[in-house]
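[1] Provided below are the primary sequence and the corresponding predicted coordinates.
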Amino acid sequence: MLVTAAAITAALLESGCSRGQAANANSPQQSVANSSTSPSEPALDLSSSQLSSIKIEPVGSYLFPVEKDAVGNIDFDEDLSVQVFPAYQGTILKTFAELGARVQKDQPLYTIKSPDLIQAESNLIGAAATFELTNKELVRVQGLGGIAEREKEQATSDQQTAEGALKAARDAVLVFGKTNAEIDQMIASRKTDPALVVRSPISGKVTYKVAQPGFLVQPGNAPAPYSVADVAIKWMLANISEAEIPFFHLGQQVQVKVMAYPDHMFQGKVSKIYETVDPNTHRVTIRSEIADPNDELRPGMLANFVIRVRNPVEATAIPANGVVREADGTMTAWITTDRRRFSQRIIKIGLRNDDRVQVLDGLRRGELVVTDNAVFLSNMLQAPPSD
């Protein structure tokens, strides 16, 4: 983390230290310090005890990822969300799943009293009665002697017609979701069952419910009594500047963090880049699909996402604690050749990642640099000289 050099009291200085340009120009120790440094680079000599407060390492390199970030919101994946309408009009009799409940495919969600089902079942019962009657008549005719062949043929035709009508009536009721066992029971009892069961078309979570007993529902007439979504995948919608559009592409890997789980990184990919740019904000929406197997993300959550938009860049770098932001806004680092005498150098920085800072100018690889508590030296430089 970059630190700001601030004034420090003379009490922080231990006896035996000398300050570069901040010290008296007539000091012999100061003259020695400046003998190996540029006149424009302030210098310090540290005592052994002061050296224990810092760390020194050679300037190295680091592979910096080139990333873009933005803020967005979590939402359900609408492509994996289903509004569960009944296939026929009716009034709700009973509901079986509450909002937020997990359901399996084909699990009953609610039942409705459907006039269409009642009509189909009434036709079934009538067809069954007709088939039974014509079947008995055929058996009776076949058992009689001396009866005309034409009468036998008529009885056979009536029985076959009734059998076909019964099969069609059974199929009509099967369309409503009734089982063959339920149909057989209906025929045997001669009673209709008006309850049409509406089942979940997918496995997932109930994300919306307005179903109540007595509620009139019709196919496709919003609002749907239930909505069920596969919550293993969520959407994250974020807005980026139109100038950044060329950096983003479908399929790019996305890393997402939310405040509720600060130590967990959710993984996903860019699934859509919207065509329209907001004329007021000049921003465009990017949609990402985020894996959420444990259903931890909630719609409406604020999320931060990072996308790696280019291949990583290898660059000269030092730890962030080796960089000091001075009072005038310049960035500095402290270098040494003998691990005792240190000079302050202005540097130019670039990318940052994992507490590493890219150095664009001012340091060479292999130079010895203070990598921890560099602000200690800058504070010493700013402190008034001790008597």
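    That came through fine.
[2] how far is the host helix or strand of Gln119 from where the chain is centred?
    Assigned by DSSP states H and E, Gln119 falls within helix 115-143. Taking CA atoms, centre = their mean, to the nearest Å, one finds the center of helix 115-143 at 58 Å from the center of the full chain.
[3] name the next helix or strand downstream of the host helix or strand of Glu151, please.
    Here Glu151, judged by DSSP H and E, is contained in helix 149-174. Next along the chain after helix 149-174, taking DSSP H and E as the criterion, comes helix 180-189.
[4] re the thing from before, output the contacting helices and strands for the helix holding Gln119.
    Packing partners of helix 115-143 (3 or more CB pairs under 8 Å, 6 or more residues apart in numbering; DSSP states H and E): strand 90-95, helix 149-174, helix 180-189. Heads up, the C-betas are built off the backbone N, CA and C, glycines and all.
[5] how is this structure carved up into domains?
    What automatic domain parsing lists as the domains of the chain is 3-64+313-382, 69-78+229-310, 85-226.
[6] got those as TSV, with mean neighbour count columns?
    Formatted as TSV, these follow (neighbours: other CB atoms under 10 Å):
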stretch	mean neighbour count
domain 3-64+313-382	17
domain 69-78+229-310	16
domain 85-226	16
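[7] between these, which gets the lowest average pLDDT?
    In terms of average pLDDT, domain 3-64+313-382 trails the rest of these, at a mean of 76.
[8] how far away from the center of its chain is it?
    The answer for domain 3-64+313-382 is 43 Å, by CA atoms, centre = their mean.
[9] ditto for stretch 150-157
    With CA atoms, centre = their mean, you get 71 Å for stretch 150-157.
[10] next: stretch 137-149.
    76 Å.
[11] repeat for stretch 289-307
    2 Å.
[12] any idea how far apart the tips of it sit?
    End-to-end distance for stretch 289-307, by CA to CA, to the nearest Å: 13 Å.
[13] residue ranges of the strands in the stretch 201-350 of the chain, please?
    Here the stretch 201-350 of the chain has its strands, by DSSP state E, counting those that start in this stretch, at 204-209, 216-217, 226-229, 233-241, 253-258, 266-277, 283-291, 302-319, 324-325, 331-336, 341-353.
[14] any chance of the ones you listed in a markdown table, plus distance to Ala195?
    Shown next, in a markdown table, are the strands of the stretch 201-350 of the chain (distance: least, CB to CB, whole Å):
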| stretch | distance to Ala195 |
| --- | --- |
| strand 204-209 | 19 |
| strand 216-217 | 14 |
| strand 226-229 | 16 |
| strand 233-241 | 34 |
| strand 253-258 | 43 |
| strand 266-277 | 40 |
| strand 283-291 | 38 |
| strand 302-319 | 43 |
| strand 324-325 | 73 |
| strand 331-336 | 75 |
| strand 341-353 | 61 |
